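Participant: I would like the atomic coordinates for the input below:
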Amino acid sequence: MARYTTLGLGGAARRTLVAESSDEIVQMVREAELAGEPVLLLAGGSNVVIGDAGFPGTVVLIRSGGVRTVAETAGTVTLRVAAGERWDDLVARTVAEGLSGCECLSGIPGSCGATPIQNVGAYGQEVAETVAAVEAYDRVAGEVVRMTAAECGFAYRSSVFRHSDRWAILSVDLTLARSPLSTPIRYAELARRLGVQQGERVELARAREAVLQLRAGKGMVLDPADPDTRSAGSFFTNPVLDGRAYEALRQRAADAGLGEPASWPGTSGVVKVSAAWLIERAGFGKGHPGPGGVAISSKHTLALTNPTGTSTEALLGLAREIRAGVRDRFGVTLHPEPIMINCAL
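Facilitator: Numbers count the residues shown, from 1 in each chain. Next up is the predicted model:
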C-alpha cells in the first residue's frame with residue numbers, strides 16, 4: 001500500500017479495487033461485506049498510517065469526481081463535491097470563482113471526501129464551517145443517507161466518521177459565501193504573513209497564496225523534490241486541556257524556565273496547547289532522527305517523515321519516543337492525528 005500513501009509506507013492488501021463513482025463505491029463495499037472481507041476506503045492517503053503487514057481485506061481506492069452547484073442564494077453557493085475530488089483543486093476553483101470559506105485550507109493534500117472525517121482545519125478555518133451535508137453509504141442500515149452538519153458531530157479534528165467504519169462518504173455539500181474577500185483572518189501567523197490585523201479580510205487569492213507559502217515552508221505541501229513531504233502531515237493533534245491540567249502544565253513549564261506554553265483559549269474553560277511547542281521543549285527539534293532513517297521533519301516538528309522508504313514500525317517507534325518524552329516532561333499525552341490501519345501507537 002506504500003504507493004497509495006503520502007508516507008510511502010504500508011504492506012500489501014489482499015485485494016485492491018478502484019471506484020470511479022458513488023455507485024461503484026457502494027457496490028464494492030457491499031460485495032466485500034457479502035464475502036465477509038474487511039474493507040478499507042482510501043483516497044489521497046495523506047492522513048493514514050498503514051502497518052507493515054498491510055491490510056487483510058479489500059481496499060477500495062476512491063477515484064470518483066465531479067463538482068456541481070445544488071443551491072444558490074444572493075449571498076451563497078452550495079457545491080456538491082464527489083468524494084474523490086482532490087481537495088486543493090476544489091479550493092483553487094472556489095478562490096477563482098469568488099467563493100469564500102475554505103481559502104485558508106489551501107495546500108492540504110487528500111480528497112474532499114476525507115475532509116469531514118477529521119474535520120480538517122488549518123490557519124483558523126475548519127471544513128465544518130462550510131459543510132452543509134454529507135452523503136454516505138450507511139453500512140449498518142444498508143442504504144445511502146444524507147447527513148446534516150449537526151448529524152456529523154463535528155469537533156476539533158473529529159466527527160462521527162472519525163473512529164467508525166459505519167459510513168462510506170460519497171459526496172460533501174459545501175456552502176460558501178459569494179465574496180472576493182476571505183473570511184476574517186483568525187490565525188496570528190497568517191495575519192503576520194499578510195501584514196494585517198487578526199479579524200481583517202483580504203483578497204481570496206492573496207490569502208490562498210500566503211497559506212501555500214506558509215505550508216511550503218513547513219514541508220506541508222506535496223513536493224516530490226522535498227523529502228520532508230513524505231509524511232502524513234501533522235502527526236499529533238494539539239492537546240485540549242481543562243483548566244486544572246493547563247495550570248499544571250504552566251507550572252511545569254515555569255519551573256523549567258520555559259516561559260508560557262503556546263496556547264489558545266477555548267470554550268468552557270478548556271485550553272488548546274501547541275503540540276509543536278511541547279515537542280520542541282521536550283527536546284525533540286527539527287530533524288531529530290528516529291530508527292531506520294525516519295525523522296522529524298527538518299521544517300516542522302509536528303511532521304514525522306519517511307525520506308528513505310523504511311518501515312511503519314520505525315515511524316511508530318519515533319512517535320512513541322516523542323510521546324513518552326512529552327509525557328515525562330510535561331505530564332501531557334499526545335494523540336496521533338492520522339488514522340492508524342493495522343497498527344497502533
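Participant: so who does the spatially most central residue of the chain touch?
Facilitator: Closest to where the C-alpha atoms of the chain average out (C-alpha atoms, centre = their mean) is Val120, at 4.7 Å. In this structure, Val120 makes contact with 87, 105, 108, 110, 114, 126-127, judged by C-beta atoms under 8 Å, 6 or more residues apart in numbering. Yep, even glycine has a C-beta here, placed from its N, CA and C like the rest.
Participant: same question for Pro291.
Facilitator: Contact analysis of Pro291 by C-beta under 8 Å, 6+ apart lists 310, 314, 317-318.
Participant: and which of the residues you listed is nearest to Ala254?
Facilitator: Minimum separation from Ala254 among the contacts of Pro291 (C-beta to C-beta) is found for Leu318, which lies at 28.8 Å.
Participant: mind checking the SS state of Glu145?
Facilitator: Careful, residue 145 is Val and not Glu. The assignment at Val145 comes out as strand when based on DSSP: H, G, I helix; E, B strand; the rest coil.
Participant: for the nearest residue to it once chain neighbours are set aside, list each beta-bridge partner.
Facilitator: In space, and not counting its chain neighbours, Val145 is closest to Asp138: 5.0 Å by C-beta to C-beta, 6 or more residues apart in numbering. Using DSSP bridges, the beta-bridge partners of Asp138 come out as Glu143, Trp167.
Participant: quick check, pLDDT for Ser268.
Facilitator: Note for Ser268: predicted pLDDT of 86.
Participant: ok, now the one 4 residues further on?
Facilitator: The predicted local distance difference test score for Lys272 is 95.
Participant: tell me how many other residues crowd it.
Facilitator: Per other C-beta atoms under 10 Å, the neighbour tally for Lys272 reads 17.
Participant: what helix or strand is it located in?
Facilitator: If you go by DSSP states H and E, Lys272 is part of strand 271-273.
Participant: state the distance from the closest residue to Gly66 other than its chain neighbours to Arg166.
Facilitator: In space, Gly66 comes closest to Ala82 once its chain neighbours are excluded; the distance is 4.3 Å by C-beta to C-beta, 6+ apart. According to C-beta to C-beta, to the nearest Å, Ala82 stands 20 Å off from Arg166.
Participant: the more surrounded of the two?
Facilitator: Ala82 (25 against 12).
Participant: please pick out the residue of the chain most distant from its centre.
Facilitator: Computed with C-alpha atoms, centre = their mean, the residue of the chain farthest from its C-alpha average is Asp255, at 34.0 Å.
Participant: local confidence estimate at that residue?
Facilitator: pLDDT, Asp255: 95.
Participant: enumerate every residue touching it.
Facilitator: For Asp255, no residue counts as a contact, taking C-beta under 8 Å, 6+ apart as the criterion.
Participant: ok, now how distant is it from Phe330?
Facilitator: When distance is defined by C-beta to C-beta, Asp255 is 11 Å away from Phe330.
Participant: how about the closest residue to Ala128 other than its chain neighbours, what does it touch?
Facilitator: Spatial nearest neighbour of Ala128, chain neighbours left out: Phe154 (3.8 Å); criterion: C-beta to C-beta, 6+ apart. Phe154 makes contact with 116, 119, 126, 128, 131 under the criterion C-beta under 8 Å, 6+ apart.
Participant: which pair of these spans the longest distance?
Facilitator: For the contacts of Phe154, the farthest-apart pair by C-beta to C-beta is Pro116 and Glu126; their separation is 10.2 Å.
Participant: who has more neighbours, these two?
Facilitator: Neighbours were tallied for Pro116 and for Glu126 using other C-beta under 10 Å; the higher tally belongs to Pro116 (27 against 19).
Participant: does that one count as helix, strand or coil?
Facilitator: The three-state assignment at Pro116 reads coil, by three-state DSSP.
Participant: can you tell me which residues contact it?
Facilitator: Under the contact definition (C-beta under 8 Å, 6+ apart), the residues listed for Pro116 are 127-128, 131, 134, 152, 154, 159, 161, 169, 172.
Participant: same question, Pro56
Facilitator: Counting by C-beta under 8 Å, 6+ apart, Pro56 makes contact with 13-14, 38, 342.
Participant: just Glu151 next, same as before
Facilitator: By C-beta under 8 Å, 6+ apart, the contact set of Glu151 is Val160.
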